[in-house]
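1. Predicted model, plus sequence, below.
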Number of protein chains: 2
Amino acid sequence: MEEHDDSDIIEHHVEEEMEKSGAFVESPSDREACCGTQSSHRLLAYSDALISIIATVMILPVAHTKVEDNEELRQSVQLLLTTKIAVYLMTFLIVTVAWAAHIRLFQVIVRIDDCLALLNLACMMLITFLPYTFSLMATFPNNILGILLFCGCVMVIGVIQSVIVLYAFSRPFLLNEQIQISENQIFYKRHILKVIMRVPIMCLFASIFSFIFFQLSYVILAIVIFLPYISQFIKWCRSKAIGQVEETPDSMLFYTYLPNEPLSKERVEAFSDGVYAIVATLLILDICEDNVPDPTVVQKQFGGNLIAALQVYGPEYLAYFGSFATVGLLWFVHHSLFLHVTKTTRFMGLLNTFSLAFVGGLPLAYQLTHEFPRDSQNELEAIQISCVIIFFAGIFQLIIWVVALYYEQETLHPYVRYGGREHVFMLAKLALYPCVALGTFFLTCILSRFSAPIFHLMEITVPFAFLVLRVLVRIGLALLRLIFCPNRANLKTIVEEEVSETSVPFNPLIT
Amino acid sequence: MEEHDDSDIIEHHVEEEMEKSGAFVESPSDREACCGTQSSHRLLAYSDALISIIATVMILPVAHTKVEDNEELRQSVQLLLTTKIAVYLMTFLIVTVAWAAHIRLFQVIVRIDDCLALLNLACMMLITFLPYTFSLMATFPNNILGILLFCGCVMVIGVIQSVIVLYAFSRPFLLNEQIQISENQIFYKRHILKVIMRVPIMCLFASIFSFIFFQLSYVILAIVIFLPYISQFIKWCRSKAIGQVEETPDSMLFYTYLPNEPLSKERVEAFSDGVYAIVATLLILDICEDNVPDPTVVQKQFGGNLIAALQVYGPEYLAYFGSFATVGLLWFVHHSLFLHVTKTTRFMGLLNTFSLAFVGGLPLAYQLTHEFPRDSQNELEAIQISCVIIFFAGIFQLIIWVVALYYEQETLHPYVRYGGREHVFMLAKLALYPCVALGTFFLTCILSRFSAPIFHLMEITVPFAFLVLRVLVRIGLALLRLIFCPNRANLKTIVEEEVSETSVPFNPLIT
């Protein structure tokens, strides 16, 4: 017993020493554990994953709407489909607004502890419920229940976020370094709380008005959602009209909580990755669930011939591979684009949201492509819709790049600012999908009889085009140089030079 | 025109300078762009997201199986359900095996370029198709088509991975530093190719045998999947039987491609986050799709009373909130656990996979809980199944911690090795869910009439228990100290001391 006590004391002693030295240890992870705080990295990754799933969830009701070939039914189905697509797009926008607010909150709070993690989970739970309340609003526009539920959720989210802010400010070591060293933390706290509570208070008014004159509530809600963009647009117009307004030094104070503050690039990437991943697998989810034939049906209808039974689903497999490849390649372009970007302005974030919203519609478009009988008007329409969706998903990515180039001082890595070959290559990558989609669209207009083969040919060739794009750009550039600087060596040597340049083993890590 | 040419030349000059200096720039991101290579971070994050979705996809057919209350039908439904659950678990295992192979491949290849990114996407597409082939195998066990498709996919994945390896070794700057500086790269290349091709070659044999004696094919496939675990188990048994076998220096050579090499902790976290996020939102996906009532139905059946119409779905909302909270809290425990872990051994990875597989079943269990009439035998069974699933999901997390403690030298941060309060706190966190689940299970056995209220009470109290857990542990520890070291000060001061210790602002960053 005596011995046991002894070892206990020694252990305790060691522990105390660890605790004392804890504050002076260099490794951040060592420091974290001592005070029960943690880097917020993984919490944010999990939140991003949840939010990206929720943002894309409303595409499922759209995708599962059965389109009949009966003309009369089709009218009502089209109306239903339009409503559902509108719901999907609005949900996507609302959820991304909530996500942007979440980003800004956790740009102020950079460390978390258990309590904050749990509060954040509660907040997430309510955010995941928003799409449902919104779809109630869309289905029953004259019933105030949807508005009340939506406003209720937003208000509770606001209260939880306020608690998070109050908690974090009572433990300043959780905060951003800049606020930690600032003299007027209370000022910050009030400002952030004011920004956070603005939306819930407007929702409170909306829910009160819903009892009196519910149309007004919708107006208030629309203002809530679009306010940041509208205010920024007005500010932008004003700055253009009366010349460049100097940044007041005061605004620097609120650095981390201004609405036009760039979004964290990591979180934009994580959110985009989540959306691309969900969208790429949406069709396989359906295939795994619905397209395994029943053994008795196979026995009865196909005489036990499984291959014949599966051939019925052929178009669906094709749709899956097509949409996976397209979404994957759009992800690839997005990935290449964000390699060059250092900061994401809010406007770039908005463009990214638009691009992602179109990407979300892709599997649906591909599914429609293969659902109609060959050479029907419906098939042609579905193929053209697919082309339009691909075009917009790609063109918004291209606009992100153009905007990034416009503000290149703050948004791009130094090496891209000077133009050159990487520029051209990036542009080629970004332009490939819009160009191909546009080309396919017009080709299907002209050669409407061959629309399906043209579309499939496009699906197959684009991945290979990406593979050889670098070589194509090289040859194109070399050709241009040869035309404009003919006094340089001939084409072949330039191309060889270009190619050999990359195959040199580049290995400064060894030294 | 002359001017334009001039600026062109200047621009080109600058670009060349940038390229020259590129090799000597410190910033890794600058270096990356010059040779068209990139850090593989985001590619791996995207792959993890895709794989985690695919791993959990087979729970959907299980979740959507309609359970009838008719006794006779229920028998066949239960059989169907058992098959589907088996398919789900096997798919989960197969996909995680593919994921582990992917991890090891990209521990060798640490940098990527466009070509590797595209090849990886092709590989991902085939991996996402595996669950479907597997579910064909399970539905038609006597038909060889499932086997052939599965083997075909695995073989193509093998070929693509071999191409990735060959490509990466032809551009050594893409490789792991250790292999980059090694003398015998060719040796490495052969070894890795041998390891990669082992599985596809066995699948080739399985597909050939399927024409002759297809039962053998299943045996071969089972061997393929469990081989790494079996071989490790044999090795472990042997080492225990004939004493600790010294690590041969040779095996150090293959450091990054040995099957018992620890998995990358970041990727285990990313994969787990993906699974938790999908599982947490599974029920809301269904709710958003199915539980928006049709306006005409509301008008006819409920006289336009939306609230009455929605009350029908009440249990589903409850199931959603319950499962979201449970999955979220299990994620929270997982997150706390992996904060202390520095390396994940393969065995810990396996335990994590088991834990995640049970987590995947949670939403289903919760859904069942609320699907049956109150106080029926079915409801009791469903509640008990939920408790069992929660128990196993939690207990596997606890075992991970125990295993990590067993190999603490290599798996844990130094500060946890010495025990102390953080240890106890961690243990309390990990033990909370298994204990509560076990308690609820036995309570429902005894008080079977009150099973539903007990279960709901558990759902509500657990989140609050997590919130006050730190305080509870503090008080418990203080009590223990008071009992075993009565010569120290009284309880109240110890507790106060403990509490005050944390509220001291801890802020070494300011200085």
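-> Everything's here; your move. Residues are numbered from 1 along each chain as shown, chains lettered A, B, ... in the order given.
2. How many neighbouring residues does the residue in the stretch 401-511 of chain A that chain B sits nearest to have?
-> Evaluated by CB to the nearest CB, the stretch 401-511 of chain A has residue A:420 as its residue closest to chain B, separated by 3.6 Å. For glycine as for every other residue, the C-beta is placed from the backbone atoms N, C-alpha and C. Residue A:420 sits with 18 neighbouring residues when counted by other CB atoms under 10 Å in any protein chain shown.
3. again with residue A:473
-> Counted by other CB under 10 Å, the residues lying close to residue A:473 total 19.
4. per-residue confidence for it?
-> Looking at residue A:473, its pLDDT is 84.
5. That one contacts residue A:426, doesn't it?
-> No: contact criterion CB atoms under 8 Å: residue A:473 and residue A:426 do not qualify, at 9.5 Å.
6. Can I take it that residue A:142 is in a strand?
-> No: Residue A:142: not assigned to a strand; according to DSSP: H, G, I helix; E, B strand; the rest coil it is coil.
7. List the buried residues of the longest helix seen in chain A.
-> Secondary structure of chain A per DSSP state H: the longest helix is helix A:71-108. Judged by neighbour count (16 or more other CB atoms under 10 Å in any protein chain shown), helix A:71-108 contains these buried residues: A:81, A:83-85, A:87-108.
8. before we move on, what about stretch A:397-413?
-> By neighbour count with 16+ other CB under 10 Å, stretch A:397-413 contains the buried residues A:397, A:398, A:399, A:400, A:401, A:403, A:404, A:405, A:408, A:411, A:412, A:413.
9. Quick check: which ranges of chain A have low pLDDT?
-> Scanning chain A for pLDDT under 70 picks out A:1-36, A:66-77, A:228, A:243-262, A:373-375, A:417-419, A:486-511.
10. which residues in it form strands?
-> A:37-39, A:111-113 (DSSP state E).
11. tell me what the first one is packed against?
-> The elements that strand A:37-39 packs onto, with contact taken as 3 or more CB pairs under 8 Å, 6 or more residues apart in numbering or on different chains; DSSP states H and E, are helix A:28-34, strand A:111-113.
12. Please repeat the previous calculation with a cut-off of 10 Å.
-> Strand A:37-39 sits against helix A:28-34, strand A:111-113, helix A:114-139, helix B:314-340, with contacts defined as 3 or more CB pairs under 10 Å, 6 or more residues apart in numbering or on different chains; DSSP states H and E.
13. measure the residue positioned nearest the centre of chain A to residue A:469 for me?
-> The C-alpha lying nearest the average C-alpha coordinate of chain A belongs to residue A:272 (CA atoms, centre = their mean; 3.2 Å). Taking CB to CB, to the nearest Å as the measure, residue A:272 falls 21 Å from residue A:469.
14. give me the subset of the buried residues of helix A:71-108 touching chain B.
-> Among these, the residues within reach of chain B (CB under 10 Å from any CB of the partner chain) are A:87, A:91.
15. wait, residue A:266 sits on residue A:107?
-> No: checked against CB atoms under 10 Å, the pair residue A:266 and residue A:107 is beyond contact range at 11.1 Å.
16. With chain B as the reference, measure out to the residue nearest to the centre of chain A.
-> Note on residue A:272: its distance to chain B, by CB to the nearest CB, to the nearest Å, is 9 Å.
17. what's near enough to touch that residue?
-> A:48, A:52, A:330-331, A:334-335, A:338, A:352-353, A:355-356, A:359, B:42, B:46 (CB atoms under 10 Å, 6 or more residues apart in numbering or on different chains).
18. Quick check: residue A:278 vs residue A:438, distance?
-> Separation of residue A:278 from residue A:438 (CB to CB) stands at 27 Å.
19. Neighbour count: those two, which is higher?
-> Set side by side, residue A:278 and residue A:438 show more neighbours around residue A:278, with 28 against 16, by other CB under 10 Å.
20. What residue, apart from its backbone neighbours, is nearest the more buried one spatially?
-> Leaving aside its chain neighbours, residue A:278 sits nearest to residue A:56 (5.0 Å; criterion: CB to CB, 6 or more residues apart in numbering or on different chains).
21. Pretty sure that neighbour sits against residue A:279.
-> Yes: the criterion here is CB under 10 Å, and residue A:56 meets it with residue A:279 at 6.0 Å.
22. Next, count neighbours for residue A:290.
-> As a burial measure, residue A:290 scores 14 neighbours (other CB under 10 Å).
23. end-to-end on stretch A:104-115?
-> Terminal residues of stretch A:104-115 lie 19 Å apart, using CA to CA, to the nearest Å.
24. For residue A:476, give me its contacts.
-> So residue A:476 contacts A:424, A:425, A:428 (CB under 10 Å, 6+ apart).
25. Now do the second one against residue B:329, distance only.
-> Same thing as residue A:425. According to CB to CB, residue A:425 and residue B:329 sit 47 Å apart.
26. and if you look at the last one?
-> Residue A:428 is 48 Å from residue B:329, where distance means CB to CB.
27. Give me the more crowded residue out of those two.
-> Here residue A:428 and residue B:329 are set side by side on neighbour count (other CB under 10 Å), and the busier one is residue B:329, at 22 against 18.
28. wait, what's in contact with the more buried one?
-> By CB under 10 Å, 6+ apart, residue B:329 lies in contact with A:117, A:118, A:121, B:390, B:394, B:429, B:432, B:433, B:462, B:463, B:465, B:466.
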